[in-house]
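Visitor: Make a model of this:
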Amino acid sequence: MDIVSFPLGPLETNCYLAVSGQDALAVDVGGHPGPVLAELAARHLTLDAICLTHLHCDHLYGVAALARETGARVLAGAEDAMLMDTELGRGGLMGLPLVDPFDWQPVAPGETTVAGEPCQVLATPGHSPGSRSFYFPAAQAVFVGDLLFYRSIGRTDFAGGDYDVLIKAVVSQIFSLPDKTLVYPGHGPATTVGDEKRHNPFFSEFAK
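Guide: Alright, predicted model coming up:
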């Protein structure tokens, strides 16, 4: 799986395009999807799905346009639906723009297939109640949104956030993956499961 990152939107949210053969999936689209559409066209790719790690507005600004242009299905955690009735989800928070409405399908934790690749959908609440992480075992990669960052964690002071729940989710769902698994966060650089176990100050009990 070839993974390309595009920082998009007002908060430079990481949008990922993961490619398997001629199929692709996008993860979080936080701004105008022009660069993603250009990559799809240049490589003659078919976009199967837009996987949303959570329904905060800075991850959503380009979803409607990308779904409209490609016909891709949009997947997100059902527990985040309530956020779309708030400024945190629909936009307007801290002066951020509004999100163009889009249709989406709830995706439950468990095994599925996206872009022809086996995918484990993980329930990873804490930053938001319906946060999902998308783990692709063959690619040894997991997309975590704002759950976990390089040497840090996501905010838990927004509506539906919970610090203890987030810590538990990281430990049980992410740190149980192989240490060499690449972790692709919603903001900032990629990291690995093993690196965060050893060096993330929020999880010092895992340091070797």
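Visitor: show me what contacts residue 58?
Guide: Residue 58 sits next to 9, 10, 11, 13, 30, 96 when contact means CB atoms under 8 Å, 6 or more residues apart in numbering. C-beta here means a position set from N, CA and C on the backbone, and glycine is covered the same way.
Visitor: what's the burial count for the residue lying closest to it once chain neighbours are set aside?
Guide: Sequence neighbours aside, residue 11 is the residue nearest to residue 58 in space, at 4.3 Å (criterion: CB to CB, 6 or more residues apart in numbering). Residue 11 has 17 neighbouring residues, counting by other CB atoms under 10 Å.
Visitor: Could you check how far residue 11 is from residue 152?
Guide: Applying CB to CB, to the nearest Å, the value for residue 11 to residue 152 is 15 Å.
Visitor: now residue 39
Guide: Taking CB to CB, one finds residue 39 at 28 Å from residue 152.
Visitor: From residue 140, how far off is the closest residue in space to residue 103 that isn't next to it in sequence?
Guide: Nearest residue to residue 103, sequence neighbours excluded (CB to CB, 6+ apart): residue 74, at 6.6 Å. As for residue 74, its distance to residue 140 is 25 Å (criterion: CB to CB).
Visitor: More neighbours: which of those two?
Guide: Applying other CB under 10 Å to residue 74 and residue 140 shows that residue 74 carries more neighbours, namely 20 against 15.
Visitor: Give me the three-state assignment for that one.
Guide: Following DSSP: H, G, I helix; E, B strand; the rest coil, residue 74 is assigned to strand.
Visitor: pretty sure it is touching residue 104, no?
Guide: Yes. With contact defined as CB atoms under 8 Å, residue 74 and residue 104 form a contacting pair (3.9 Å).
Visitor: got any residues that touch both of those two?
Guide: 52, 63.
Visitor: Would you check that residue 183 makes contact with residue 173?
Guide: No. Counting by CB under 8 Å, residue 183 does not reach residue 173; the two are 11.7 Å apart.
Visitor: higher neighbour count, those two?
Guide: residue 183 (25 against 21).
Visitor: nearest spatial neighbour of the more buried one, skipping sequence neighbours?
Guide: residue 191 (4.9 Å).
Visitor: do residue 147 as well
Guide: residue 124 (4.9 Å).
Visitor: what's the answer for residue 194, then?
Guide: Per CB to CB, 6+ apart, closest to residue 194 is residue 179, 3.0 Å.
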